[in-house]
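J.: one predicted model, sequence on top.
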Amino acid sequence: MKQFLLLALLPFAPASAAEEGFKDLFNGKDLSGWVPKNVAADTFSVKDGMIVTTGLPIGFLSTERMYENFIMELDWRHMKEAGNSGVFIWGEGLPAPGVPYARGIEVQILDLGYAKNKGANEWFTTHGDIFAIWGAKMTPTGKVSANGARSFPMKETTLPSPQWNHYRIECNNGEIKLSVNGELTTTGKDCNPKKGFLCLESEGSEAHFKNIRIKELPSTGASEAQTARGYEGFKQLFNGKDMGGWSTDKPQAWSSDGVGYTAAAGEEFRGSKLVSDGEYGDCVLCVDWRSPDKKAGGKAAVSVRGLSIPIGGEAGSGAAQPSEKADLKPGEWNRFFITVQGKSATVELNEKIVAKDIPLTDLPAKGKIAFEHAGDGVEFTNVFLKPLN
């Protein structure tokens, strides 16, 4: 009888790790098989058989490879009341433009205290919401939020911080079923993408994850359009904390908030540059930027190996005018992919080629990355580089 009472008081325990078809996604010793994407070196670490996130800066840790259909299980807990985190399903290999999160489907991990502190409303509850983020698609099912954007849990089954909770996430052919501590709570369907990376989120507070495992299910033939973009080979150039790895002639002109870099507004700063310590040859640079809401006093620029690409719709030095204006209005985030290879360069802005075959004359074989100040307070974030040699 004592043994029965003890078991009854314990939280739901996941099935044995020996259950047929399951493999560990986390070895309990290090982050083998996982890749930090846009965080500091110490944002995610391993301690006592757990993946620990400090929550700062906001960003994510991704699996090395993509998954399509699967059952994923994990245990999680928050270390303070109102903690926030999540699991990204079918995520992309880079953050979405201007934000620290991957485009994909988020399975929310919120402590019960969040609703008490913030006030649950029509667009979130606490744990277990499922929703598409940053351009991904999903049809909410079951209990649907008042705004129609999210699937809400049909019941509250989580335990508060610092107790452990168990998630079982079943994903098959674009459908998601979430069970929390042994009870089915949330569902969604018609997801796109329905093949991509699995990610753990850092979002402001310490959280722990353990017993992470996966059972892959047969493919249902996700097409290229239904597969997340991998962005293989890109490495983060921002250290996730400050301007380490970069230098400037005017330190007062540049600052970092732990997410990216901001050029201070002021004519006295015009012409200053933030320059990478490292030098690079043929490469692809990804960088997001936005100009201030007010009318800019001049044009900032991004420079790759000495090739300057002005911000504001122009294609770049020595190049023809862009075939179309692709930059968004002031205050909105834009994304550059600047490819410098061989004897020419190509500029993609917001998924449109705005300049092609820019001649690379009199450029060194290697050079630095630079952000050029125009005195108007432009911001830069999500700085990644892919070497091509």
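T.: Noted; the coordinates are in hand.

J.: what is the neighbour count of the spatially closest residue to G245 that is not a sequence neighbour?
T.: Nearest non-adjacent residue to G245, counting by CB to CB, 6 or more residues apart in numbering: D277, 5.2 Å away. All C-beta spots, glycine's among them, are computed from the backbone N, C-alpha and C. Residues near D277, counting by other CB atoms under 10 Å, number 11.

J.: check D48 too.
T.: So D48, with other CB under 10 Å, has 8 neighbours.

J.: just V46 next, same as before
T.: 17.

J.: the nearest residue to it once chain neighbours are set aside sits in which helix or strand?
T.: Nearest non-adjacent residue to V46, counting by CB to CB, 6+ apart: D30, 5.5 Å away. Assigned by DSSP states H and E, D30 belongs to no helix or strand.

J.: so what's the predicted local confidence for A17?
T.: You'll see A17 listed with a pLDDT of 46.

J.: kindly report the same for the one 3 residues further on.
T.: We have a pLDDT of 86 for E20.

J.: renumber starting at 368 from here on
T.: Got it, first residue is 368 now, which makes that one E387.

J.: what's the burial count for the residue nearest to V413?
T.: If you count neighbours by other CB under 10 Å, D397 ends up with 11.

J.: quick one: secondary structure of the closest residue to I476 other than its chain neighbours?
T.: Among residues not flanking I476 along the chain, S452 sits closest, at 4.3 Å (CB to CB, 6+ apart). What DSSP: H, G, I helix; E, B strand; the rest coil gives for S452 is strand.

J.: mean confidence score for stretch 506-523?
T.: Mean pLDDT, stretch 506-523: 93.

J.: got the buried residues for that stretch?
T.: Buried residues in stretch 506-523, counted by 16 or more other CB atoms under 10 Å: P507, T508, G509, K510, S512, R517, S518, F519, P520.

J.: okay if I get those residues as TSV plus secondary structure?
T.: As requested, these are exported to TSV (three-state DSSP):
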residue	secondary structure
P507	strand
T508	strand
G509	coil
K510	strand
S512	coil
R517	strand
S518	strand
F519	strand
P520	coil
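
J.: what's the helix or strand for L567?
T.: L567 belongs to strand 564-569, assigned by DSSP H and E.

J.: residues in contact with that strand?
T.: 392, 401, 404, 406, 410-411, 418, 420-430, 432-434, 439, 452-460, 468-469, 471, 473, 476, 576, 581, 595, 597 (CB atoms under 8 Å, 6 or more residues apart in numbering).

J.: so what are the sheet partners of that strand and their directions?
T.: strand 426-430 (antiparallel), strand 451-458 (antiparallel) (DSSP bridges).

J.: now do the last one, average pLDDT.
T.: Same thing as strand 451-458. For strand 451-458, the per-residue pLDDT averages 97.

J.: put the alpha carbons of it into PDB.
T.: Provided in PDB are the C-alpha atoms of strand 451-458 (Å, rounded to 0.1, in the frame of the first residue of the first chain):
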ATOM      1  CA  ASN A 451       9.300  31.300 -20.700                       C
ATOM      2  CA  SER A 452      10.700  28.900 -23.400                       C
ATOM      3  CA  GLY A 453       9.600  26.600 -26.200                       C
ATOM      4  CA  VAL A 454      10.300  23.900 -28.700                       C
ATOM      5  CA  PHE A 455      10.400  24.800 -32.300                       C
ATOM      6  CA  ILE A 456       9.200  22.100 -34.700                       C
ATOM      7  CA  TRP A 457      10.300  22.000 -38.300                       C
ATOM      8  CA  GLY A 458      12.400  25.200 -37.900                       C
END
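
J.: adjacent strands (with direction) for the next helix or strand after that strand?
T.: Using DSSP H and E, the helix or strand that follows strand 451-458 in sequence is strand 471-477. Take DSSP bridges as the rule and strand 471-477 pairs in its sheet with strand 451-458 (antiparallel), strand 497-500 (antiparallel).

J.: give me the residues contacting strand 471-477.
T.: 443, 445, 449-459, 491-501, 503, 505, 534, 536, 543, 545, 553, 555, 558, 560, 563-564, 566, 568, 574, 595.

J.: tell me how far it is from the chain's mean position?
T.: 12 Å (CA atoms, centre = their mean, to the nearest Å).

J.: and it, average pLDDT?
T.: The model assigns strand 471-477 a mean pLDDT of 96.

J.: got the buried residues for it?
T.: G471, I472, E473, V474, Q475, I476, L477.

J.: can you show me the CA trace of that strand as CSV?
T.: Extracted C-alpha coordinates of strand 471-477, given in CSV (Å, rounded to 0.1, in the frame of the first residue of the first chain):
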residue,chain,number,x,y,z
GLY,A,471,8.5,27.1,-37.9
ILE,A,472,5.9,25.8,-35.4
GLU,A,473,6.3,26.6,-31.8
VAL,A,474,5.2,24.3,-29.0
GLN,A,475,5.0,26.7,-26.0
ILE,A,476,6.8,26.0,-22.7
LEU,A,477,5.5,28.5,-20.1
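
J.: following the lowest-mean-pLDDT helix or strand in the chain, which helix or strand shows up next?
T.: Sorting the helices and strands of the chain by mean pLDDT, DSSP states H and E puts helix 369-376 at the bottom, at a mean of 37. Counting by DSSP H and E, the element after helix 369-376 in chain order, helix or strand, is strand 390-391.
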